[in-house]
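Engineer: Predicted model follows, preceded by the sequence.
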Amino acid sequence: MLWKRKMADAKKPVLLIEYARQPGRREAVKKHAQENGLVWLLTDRELKTLGESGK
């Protein structure tokens with residue numbers, strides 16, 4: 001994903017929004033986002049909750 005690296009190198013925020021339900025998948029999403037310098041949001045597809053986010 002070359003475009004993510006280009007955006008990160010240009011100091012542009014890259015947002016990752018996921019709707020993962022399984023705990024293992026949620027942890028994998030967080031790890032991937034952190035390793036790649038992405039701002040992440042884990043929430044429910046219906047957006048009934050604020051979810052969980054981080055950088």
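Structural biologist: Sure thing, it's come through.
Engineer: What mean pLDDT does the top helix by length along the chain get?
Structural biologist: If you go by DSSP state H, the chain has its longest helix at helix 23-35. Average pLDDT, helix 23-35: 93.
Engineer: What strands flank the following helix or strand past it, and is each parallel or antiparallel?
Structural biologist: Following helix 23-35 in sequence order, the next helix or strand is strand 39-42 (DSSP states H and E). Using DSSP bridges, the strands paired with strand 39-42 are strand 15-18 (parallel), strand 52-54 (antiparallel).
Engineer: any idea which of the ones you listed is most buried?
Structural biologist: When the strands paired with strand 39-42 are scored by mean count of other C-beta atoms under 10 Å, the highest mean neighbour count falls to strand 15-18 (a mean of 14). (Glycine included, C-beta is placed from N, CA and C.)
Engineer: which other residues reach that strand?
Structural biologist: R26, V29, H32, A33, L38, V39, W40, L41, L42, T43 (C-beta atoms under 8 Å, 6 or more residues apart in numbering).
Engineer: Among these, the buried ones, what's the ChimeraX command?
Structural biologist: In ChimeraX syntax, the buried subset of those is picked out as below (16 or more other C-beta atoms under 10 Å):
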select :26,29,33,38,40,41,42,43
